[in-house]
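>>> this one's structure only:
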């Protein structure tokens, strides 16, 4: 019976794949531009790791998906039509974000058309996870960047003042004795929030914490990223006060970013284990 079903579904699967060949050619420049932005824009470098992480999530669901009978669905063609419409709207409006979302929609359509509703549902989480590889439009990104710069500089100045250091803050510039620390766009904290947020979503799949626990873990990635960024700014200022501005602006500044990011990652993993422990107790 399964052999018969596979024979009957083959023409539909083959037809969908043939249809996607010209569409893949049309989406190629969208994917190429996306890859270039990952490489050139340090704010979205984490996009390079989203696809491998999505593949890992899909691999973890392979047994569940294979246990479901393959039933190709014509509904995938409907979703594909939606993806094409989004693509055309993006072309007309010259809006990359819409075209990139249409690419992910087309991938979901391909899975639905060739594998069916059951397997698509089993793989829906890794498929939707692909959306995290799409950079936020610059209009939105820069709308939040400067307020985050001001907030980060304010918190860092308060911490430095609490440590007994003479500090004068003017906007996003922190004045110390013999050194001015400017909280630039890269130090606003948004980069850490996006990266740690994506990692938090990924890690929720490895903890048995329930839906509420997963929501809490993803939500907590935001304050963790903020704290990590404040620690980085504060440590840079402390290094400048103790060893001079040249030391603060040297490779130690970049190295401190790596250390602080890893610290944030450790905090997220620790939070995951704590939420799992609470879930088991309940």
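Cool, got the structure. Quantities reported herein were computed from a predicted structural model and do not represent experimental measurements. Numbering: from 1, shown residues only.

>>> which SS state does residue 180 fall under?
Following DSSP: H, G, I helix; E, B strand; the rest coil, residue 180 is assigned to strand.

>>> Please look at it and residue 174 and confirm they touch.
Yes: with contact defined as Cβ atoms under 8 Å, residue 180 and residue 174 form a contacting pair (7.3 Å). From N, CA and C alone the C-beta is placed, and that goes for glycine too.

>>> who's more crowded, the two?
residue 174 (26 against 12; other Cβ atoms under 10 Å).

>>> Distance check, the residue nearest to that one when sequence neighbours are not counted against residue 157.
Spatial nearest neighbour of residue 174, excluding adjacent residues (Cβ to Cβ, 6 or more residues apart in numbering): residue 181 at 4.3 Å. Distance of residue 181 to residue 157, computed by Cβ to Cβ, to the nearest Å: 9 Å.

>>> anything in contact with each of the two?
Taking Cβ atoms under 8 Å, 6 or more residues apart in numbering as the criterion, residue 181 and residue 157 both touch residue 174.

>>> thinking again about what came up before, who's in contact with the residue nearest to residue 174?
156, 173-175, 233, 236-237, 240, 248.

>>> Please name the residues that touch residue 58.
123, 126.

>>> helices or strands up against the helix or strand where residue 271 lies?
Residue 271 is located in helix 251-281, with elements delineated by DSSP states H and E. Under the contact criterion of 3 or more Cβ pairs under 8 Å, 6 or more residues apart in numbering; DSSP states H and E, helix 251-281 touches helix 190-203, helix 210-243.

>>> one step back: now the contacts of residue 181 as a markdown table including distance to residue 61 and pLDDT?
A markdown table is the format used below for these (distance: Cβ to Cβ, whole Å; pLDDT from 0 to 100):
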| residue | distance to residue 61 | pLDDT |
| --- | --- | --- |
| 156 | 42 | 82 |
| 173 | 49 | 80 |
| 174 | 47 | 78 |
| 175 | 53 | 78 |
| 233 | 40 | 79 |
| 236 | 42 | 76 |
| 237 | 46 | 76 |
| 240 | 49 | 71 |
| 248 | 46 | 58 |
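
>>> Identify, from these, the entry nearest to residue 272.
residue 233 (26.3 Å; Cβ to Cβ).

>>> Next, count neighbours for that closest one.
Residue 233, neighbours per other Cβ under 10 Å, totals 23.

>>> Surely it and residue 154 touch.
No: Residue 233 lies out of contact with residue 154 (Cβ under 8 Å); the separation is 10.6 Å.

>>> which SS state does residue 208 fall under?
Following three-state DSSP, residue 208 is assigned to coil.

>>> Look up phi and psi at it.
phi -90, psi 80 (degrees, to the nearest 10).

>>> Count the neighbours of the residue nearest to it when sequence neighbours are not counted for me.
Closest residue to residue 208 apart from its sequence neighbours, by Cβ to Cβ, 6+ apart: residue 276 at 5.7 Å. Counted with other Cβ under 10 Å, residues neighbouring residue 276 total 17.
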